[in-house]
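A.B. asks: all I have is the shape, not the residue letters:
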C-alpha cells in the first residue's frame, strides 16, 4: 500500500528542478541534464499510474521503456550537435551561439 | 504509513535533493554525478512501485549509457575542473528561472495531488515481472517497438554524420546542375564567378 501523493510530489519536484536547469544554465551539457530530469519526472508519473490503475496493456511501464529509449537517442544526437558547436566555436555557451544563422548575401 | 511509504519517502528525498543539486552545482562534473544519484534513486523508487524491469532498464540505459555520454561530452568540451563561475546565467535570469521552476512544481503538484492525492493503492509486483511485461511489449506494443529501433538507427546515423571531421572525411562535392554532363575539350572550361547567378 502506498499513498499516491508521494510519487506525484516527487515528479513535480523533479520537473521543477529540470525546468530550472534548462532555463538557468549556460553550459549546453548542463541544459541537457535539466532535460533529463524533466523526462524522468514524466516516466515516474507513467510508472505511478501504471501501478495505480493496472491496465491490461501495461501501458505505463511499456511507455516508460519507450521514453527511456527515445531519451537515449535524443541525448546522442544532442551531444553530437554540442560537440560540433564546440569544434566550431571553442566553447559550449548557449548564449554565445546566437549567430548560428546562415548568412544570406543580398543579390 | 506503510513500509512502502517510508521507503519511497526516503528514496524520493534522495532523488529530489540530488536533482536540485545537479542543476545548481557550480562544478560541472559534480552536476553529472548528482544526476547519477538522482537517476539511481529513481530506479529505487520504481522498485518500490513494483516495476522491476523498468528499474533495471533505468539503471542500464539511463545511468549506464546516457550519463556516460554526458560525461564524455563534458570531457570532450574541456569542461572546467573545480568551481566555475560561468556555468550559470546572470542572477536576473536565474531568479526568473527559479520562479518558473516553482510555478511548474506548484502547478503539477497541485493538479496531481488534487486528482489522485488522497488515494492509497496496493502495489502488485507480480504484474511487472519480465514475463507479463514481455508478452505485452512484444505482443500489443510490437509495432511501436519496431519503429523505435528505426528511430535509434536514425539517431545513430545522425550522430555519425554530425561528428565527422571534414578534414579527414571530406564532404562529397555537390554536382553543379548547370554544368555540361558530357564536356568536350573545346568548350570553355569555367564560367567566371561574377556571371554565375
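C.D. replies: Noted; the coordinates are in hand. The shown structure was predicted, so the numbers you read here are calculated from the model rather than taken from an experiment.
A.B. asks: low-confidence bits of chain A, can you list those?
C.D. replies: Applying pLDDT under 70 to chain A flags residues A:97, A:99-107.
A.B. asks: that should have said chain B, apologies.
C.D. replies: Ranges of chain B meeting pLDDT under 70: B:179-197.
A.B. asks: apart from its neighbours in sequence, what residue is nearest residue A:50?
C.D. replies: Of all residues not flanking residue A:50 in the chain, residue A:60 sits nearest, at 2.5 Å (C-beta to C-beta, 6 or more residues apart in numbering or on different chains). Glycine gets a C-beta too; all of them are placed from N, C-alpha and C.
A.B. asks: pull the number of nearby residues for that neighbour.
C.D. replies: Residue A:60: 23 surrounding residues under other C-beta atoms under 10 Å in any protein chain shown.
A.B. asks: verify the stated contact: it with residue A:47.
C.D. replies: Yes: here residue A:60 reaches residue A:47: they are 5.7 Å apart, a contact under C-beta atoms under 8 Å.
A.B. asks: which SS state does residue B:38 fall under?
C.D. replies: helix (DSSP: H, G, I helix; E, B strand; the rest coil).
A.B. asks: quick one: the helices in chain A?
C.D. replies: A:5-24, A:28-53, A:59-89 (DSSP state H).
A.B. asks: so the shortest one versus helix A:28-53, what angle?
C.D. replies: Read that as helix A:5-24. When axes from the mean of the first three to the mean of the last three C-alpha atoms, to 10 degrees is applied, the directions of helix A:5-24 and helix A:28-53 differ by 160 degrees.
A.B. asks: just give me how far helix A:5-24 sits from the chain centre.
C.D. replies: Helix A:5-24 sits 12 Å away from the centroid of its parent chain (C-alpha atoms, centre = their mean, to the nearest Å).
A.B. asks: over to the longest one?
C.D. replies: Averaged C-alpha coordinates place helix A:59-89 at 8 Å from its chain's average position (C-alpha atoms, centre = their mean).
A.B. asks: packing partners for that helix?
C.D. replies: Judged by 3 or more C-beta pairs under 8 Å, 6 or more residues apart in numbering or on different chains; DSSP states H and E, helix A:59-89 is in contact with helix A:28-53, helix B:52-57, helix B:67-76, helix B:130-139, helix B:142-162.
A.B. asks: ok and that helix relative to helix B:130-139, angle-wise?
C.D. replies: Using the same axes, to 10 degrees: helix A:59-89 against helix B:130-139 is 70 degrees.
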